[in-house]
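Asks: the sequence isn't on hand, but the structure is:
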Ligand SMILES: NC(=O)c1ccc[n+]([C@@H]2O[C@H](COP(=O)([O-])OP(=O)(O)OC[C@H]3O[C@@H](n4cnc5c(N)ncnc54)[C@H](O)[C@@H]3O)[C@@H](O)[C@H]2O)c1
């Protein structure tokens, strides 16, 4: 089977995780990485022996690319992922998928219309406690109150800038 050719958008912690996972799976291969920070993009490209660009539009316009992973600050998810889907690329987006329900619904619509895979990299979705609660919702009845906590200790860089991260509830 031919390997899925992937463009990695973002070159930080999560982008490294995605590129390594794709390579280790044996089913895909990262072809190009994009970061607006040249030093970072260059280092990442050298590490994986791939090309780099500073402009994410170059990744989604590349006809060799089948799919993209989008591991950048939350505020850019909608713009980059919806453009990638419109360009016919399958997309993996980190959580939070978008900062508004409306944008998330719009992204889903584009993926469905174009018959593309749109996956949110939130592993909790596949974990037992969450699946169990979801499967029991009708037995539980209408939830009246929910409680969640978001542990943000140690966050730095763009994570502490609300204009890039969005409000704390978006991630939850
Ligand atoms: N799925 C998970 O378990 C998980 C865990 C942590 C973070 N995340 C999410 O992953 C995303 C990335 O987080 P991270 O920890 O890798 O951050 P990071 O700071 O390590 O990396 C962010 C990258 O985005 C790049 N970038 C910034 N602006 C850009 C732009 N306009 N276009 C392209 N690239 C741009 C930066 O140069 C950097 O390479 C965030 O949405 C975060 O919420 C998901």
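Replies: Received, thanks. Fair warning: this is a prediction, and the values are worked out from it, not measured in the lab. Residues are numbered from 1 along each chain as shown.
Asks: C-alpha from now on. contacts and neighbour counts both.
Replies: OK.
Asks: what are the bridge partners for residue 29, then?
Replies: residue 5 (DSSP bridges).
Asks: now residue 33
Replies: residue 8, residue 52.
Asks: what's around it, how many residues?
Replies: By other CA atoms under 10 Å, the residues close to residue 33 number 29.
Asks: any idea how many residues pack against residue 29?
Replies: Close neighbours of residue 29, defined as other CA under 10 Å, add up to 22.
Asks: ok, it touching residue 4?
Replies: Yes. Applying CA atoms under 8 Å as the test, residue 29 and residue 4 come out as touching, 6.2 Å apart.
Asks: for residue 100, phi and psi?
Replies: Residue 100 has phi and psi values of phi -140, psi 150 when expressed as degrees, to the nearest 10.
Asks: residues contacting it?
Replies: residue 170 (CA atoms under 8 Å, 6 or more residues apart in numbering).
Asks: mind telling me what element residue 42 is part of?
Replies: Following DSSP states H and E, one finds residue 42 within helix 38-48.
Asks: quick one: that helix to strand 4-9, angle?
Replies: Counting by axes from the mean of the first three to the mean of the last three CA atoms, to 10 degrees, helix 38-48 lies at 150 degrees to strand 4-9.
Asks: what's the average pLDDT for helix 38-48?
Replies: The average of the pLDDT scores along helix 38-48 is 98.
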